[in-house]
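Enquirer: with the sequence up front, the predicted model follows.
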Amino acid sequence: EPEVTQTPSHQVTQMGQEVILRCVPISNHLYFYWYRQILGQKVEFLVSFYNNEISEKSEIFDDQFSVERPDGSNFTLKIRSTKLEDSAMYFCASKGGAGANVLTFGAGSRLTVL
Amino acid sequence: AQSVSQHNHHVILSEAASLELGCNYSYGGTVNLFWYVQYPGQHLQLLLKYFSGDPLVKGIKGFEAEFIKSKFSFNLRKPSVQWSDTAEYFCAVNRGTGGFKTIFGAGTRLFVKA
């Protein structure tokens, strides 16, 4: 079964540091997403990415966040200057073409900002 | 804007009890509906989905859900729960086809007593 893989599984960083979370979506998928889940809270949409550009983003996804797909396989989420409230589990997800509506999620990257 | 409401935040059941978790969504157009499960320490996994057709859909592990369009509901059911069903359950919705984001409910934590 194809998988979405995420690295690192857990990262601890100091407030103000830059963090890059990496994802390798399923190879023939076209739509890519980042979600986050603060401990004990709901899964929140951050951003969707299609055709090498952001297609939609939430109000959470401010100027501190960016995404890119640098090499056709990795899909990265960068947080430029982390804040305490960025501590969360970050999930990458992907799905196939326009007719495929099921997201496949990665195992998540737990970010702890101290 | 789309939203998803899950009525129960915490549910505690004994093994063999029946389960019904409520989910309502707000969106008047064509929707795709999902239930995801998150076992302790694991990532989100698809339990079942509804795109069209028979409003009663069956998923993995004996779960089923019924789409009632007039009530904007997609409740999850299982006739007899097991201890291994202890997990958090998320109802989710997205619009039609294409790259539209999937919106999640706040989740319901189910604890099944052995």
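Expert: Thanks, I have the structure now. Numbers count the residues shown, from 1 in each chain, chains lettered A, B, ... in the order given.
Enquirer: looking at residue B:96 now. What's its pLDDT?
Expert: Residue B:96 carries a pLDDT value of 67.
Enquirer: can you check residue A:34 too?
Expert: At residue A:34, pLDDT is 97.
Enquirer: what about the chain, any weak spots by pLDDT?
Expert: Going with chain A. Applying pLDDT under 70 to chain A flags residues A:98-100.
Enquirer: think we crossed wires, I meant chain B
Expert: Using pLDDT under 70, chain B drops low at B:1, B:96-99.
Enquirer: next, the residue nearest in space to the middle of chain A: secondary structure please.
Expert: The residue lying closest to the centre of chain A (Cα atoms, centre = their mean) is residue A:34, at 3.2 Å. Of the three states, residue A:34 takes strand under DSSP: H, G, I helix; E, B strand; the rest coil.
Enquirer: so residue 66 bridges to which residues?
Expert: I'll assume chain A. Per DSSP bridges, the residues bridged to residue A:66 are residue A:78.
Enquirer: hm, I was asking about chain B
Expert: Beta-bridge partners of residue B:66, counted by DSSP bridges, are residue B:56, residue B:75.
Enquirer: list the contacts for residue 67?
Expert: Going with chain A. A:32, A:34, A:47, A:49, A:54, A:75, A:76, A:77, A:78 (Cβ atoms under 8 Å, 6 or more residues apart in numbering or on different chains). For glycine as for every other residue, the C-beta is placed from the backbone atoms N, C-alpha and C.
Enquirer: the chain in question should be chain B.
Expert: Residue B:67 makes contact with B:33, B:50, B:55, B:56, B:57, B:73, B:74, according to Cβ under 8 Å, 6+ apart.
Enquirer: make it 6 Å
Expert: B:50, B:55, B:74 (Cβ atoms under 6 Å, 6 or more residues apart in numbering or on different chains).
Enquirer: now stretch A:90-100: buried residues?
Expert: Within stretch A:90-100, the residues that count as buried by 16 or more other Cβ atoms under 10 Å in any protein chain shown are A:90, A:91, A:92, A:93, A:94, A:95.
Enquirer: I appreciate the help and will end here.
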